[in-house]
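K.L.:
fold the following, please.
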Amino acid sequence: MYVFQLPFHEIKALSDILDAGNSWEELASAMPQIAAEDVNACRQAPSRHTSPTEELLRIWGTKGYSVLQLYKVLAKVKHVRAMKVIRHLVEEKYHRLESDEAGQSARNQANASFASPSCDGAAHRRPSVPSVAASIGSSTKRSVAQSTAASLVQTGASAASSAASSAMLSGLQNTPTVRFEELLDATDRFAATNMVGRGGYGVVYKGYWKHTHVAVKRIQARGDSSVEQEKERLRQSLMELRTLAMYRHDNVLPLYGYSLDGPEPCLVYQFMAGGSLEDRLLCRNGTAALTWTQRLNIANGTSKGLHFLHTIGPQPLIHGDVKSANILLDKHFEPKLGDFGLCRVGQIEVGIEASPLVASHIKGTLAYLPPEFITSKHLSTKLDVYSFGVVMLEVATGLRAYSDRRQPHSIVDFILEARRKVSVGASDEQQSSLVDLADKKAGGDDALRPIFWRLLNVGLLCSDREPTARPVFGQIIAQLD
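P.N.:
Model prediction:
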């Protein structure tokens, strides 16, 4: 069971316990992928007559975490009373986490399956910089780091062919290695003022390297992380390295280099001065709104990048985490796909229904994931198509992919509901209800209104609940060009 599926009774009971004394804040601090803005949103929940704990669970639930993972985080912060509220929803073998007598080794299980980034700069004040493998600590963790790095860097993903592996090695040979000490200098020792973003397994900093502005992703984990955390942390960073080394395209984020000789892996990218598409749609930091022409160009470029990934090899490469936050814009607002930590070699279109490829677990942001992946973990290129459709609806309307301030919460369901109210042959006034969904920040020029309709229609077509009804990116590009 996932957190977003928690019954109302359990959510209410957890809220009653954790709202008291703001205990939810301690829980939030232990949850991966909970950022400062998420905590602030929870703090403001009472002004909206909602519970901070309920808001926290809603936010974390959209990121694909399970009830078992929630149970383990509660164990980590030793909130036994809250654990007992959901103990009937997890396997009995985990109930020992509620007992102090179970010992620290049991509580350490709370760290398994995920890690949170840390901005602690203490490691950089040491006179020497240990390697990634050495920083992991135990011989077991060193073995994990080395074997994971070897398997991913030397041979790529398990499903990759020998030809793909050779191509990847060739790509790495053409990708410079960067000394960790250089990245310390480039980022002012990873100064907090240079931090431009963070995710579940890394923090991104702006830097100045080789007289060039760059972005440096520092893959981090907490000091109490488990072997499984370290394995997943390295797997994602090396998968991203592998992908970006193999696949070069105008609409894929350029990789300048990588570093594996420091306390954590680092990837060095082109700095994207335009920020993320999400930032620009929300006009963060007082930036100007995107015009309709810019929005169409971003949609077109993104679709071409995904088409390239899906068709470049004998098996498609599925990005797996397409969302507005992972579409980055350069200073000319040209889009580049970023964050390839969840990419996987996927299934070709033919034969999906007969023998679907099933993912081992759900990863990604729920608001962008299609029904067949959430319920059955079916993995195909249609996962990226659906996610792209959600992004197109965001681009057309300026609305968030998910909001608990509207009904329905999902942007797909919200727009479908609005369209149902407009019947065939509806009056101009009724038709205007859909036009009113157009993002007014983009401008109201009637001559550009066809762009809104094109983005909206492509978004709805791509986000169809039925995978076989969704187009492939070759067809999408034809509609956007």
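K.L.:
which positions in stretch 284-292 come out as buried?
P.N.:
289, 290, 291, 292 (16 or more other CB atoms under 10 Å). No exception for glycine: its C-beta is placed from N, CA and C like everyone else's.
K.L.:
export the residues you listed to a markdown table and tack on secondary structure and distance to residue 390?
P.N.:
What follows is those, written out as a markdown table (DSSP: H, G, I helix; E, B strand; the rest coil; distance: CB to CB, whole Å):
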| residue | secondary structure | distance to residue 390 |
| --- | --- | --- |
| 289 | coil | 20 |
| 290 | coil | 17 |
| 291 | coil | 21 |
| 292 | helix | 19 |
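K.L.:
now those as TSV including pLDDT and distance to residue 470?
P.N.:
Converted to TSV, these look like this (pLDDT from 0 to 100; distance: CB to CB, whole Å):
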residue	pLDDT	distance to residue 470
289	95	29
290	96	25
291	95	28
292	95	24
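K.L.:
quick one: contacts for residue 409?
P.N.:
Residue 409 is in contact with 402, 403, counting by CB atoms under 8 Å, 6 or more residues apart in numbering.
K.L.:
state the mean pLDDT of the one helix or strand residue 72 maps to.
P.N.:
Residue 72 is part of helix 67-76, with elements assigned from DSSP states H and E. Here helix 67-76 scores 91 as its mean pLDDT.
K.L.:
pull out the buried residues from that helix.
P.N.:
67, 68, 69, 70, 71, 72, 73, 74, 75, 76.
K.L.:
go on, stretch 90-97?
P.N.:
90, 94, 97.
K.L.:
quick check, nearest of these to residue 307?
P.N.:
residue 90 (41.7 Å; CB to CB).
K.L.:
measure that closest one to residue 274 for me?
P.N.:
According to CB to CB, to the nearest Å, residue 90 and residue 274 sit 44 Å apart.
K.L.:
check contacts around residue 70.
P.N.:
3, 57, 60, 86.
K.L.:
got a list of what the first one touches?
P.N.:
With contacts defined as CB under 8 Å, 6+ apart, the neighbours of residue 3 are 57, 60, 61, 65, 66, 67, 69, 70.
K.L.:
closest to residue 249 out of these?
P.N.:
Nearest member of those to residue 249, counting by CB to CB, is residue 65, at 32.0 Å.
K.L.:
skipping adjacent residues, who's closest to the closest one in space?
P.N.:
residue 3 (5.2 Å; CB to CB, 6 or more residues apart in numbering).
K.L.:
residue 388 belongs to a helix?
P.N.:
Yes: counting by DSSP: H, G, I helix; E, B strand; the rest coil, residue 388 is found in a helix.
K.L.:
how about the contacts made by it?
P.N.:
302, 303, 306, 322, 462, 473, 476.
K.L.:
could you look up the SS state of residue 244?
P.N.:
Applying three-state DSSP: residue 244 is helix.
K.L.:
just checking, it touches residue 340?
P.N.:
Yes: assessed by CB atoms under 8 Å, residue 244 is found in contact with residue 340 at 6.3 Å.
K.L.:
show me where pLDDT drops low in the stretch 101-250 of the chain?
P.N.:
101-174, 199-201, 221-237, 239 (pLDDT under 70).
K.L.:
ok so, going back, may I see the buried residues of stretch 284-292 organised as CSV, with distance to residue 365 added?
P.N.:
Shown next, in CSV, are the buried residues of stretch 284-292 (distance: CB to CB, whole Å):
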residue, distance to residue 365
289, 23
290, 21
291, 27
292, 26
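K.L.:
what's the closest of the residues you listed to residue 317?
P.N.:
residue 290 (27.8 Å).
K.L.:
now the closest one: how far from residue 329?
P.N.:
When residue 290 is compared with residue 329 (using CB to CB), they lie 9 Å apart.
K.L.:
same thing with residue 400?
P.N.:
Counting by CB to CB, the gap from residue 400 to residue 329 is 18 Å.
K.L.:
what do you get for residue 375?
P.N.:
For residue 375, the distance to residue 329 equals 33 Å [CB to CB].
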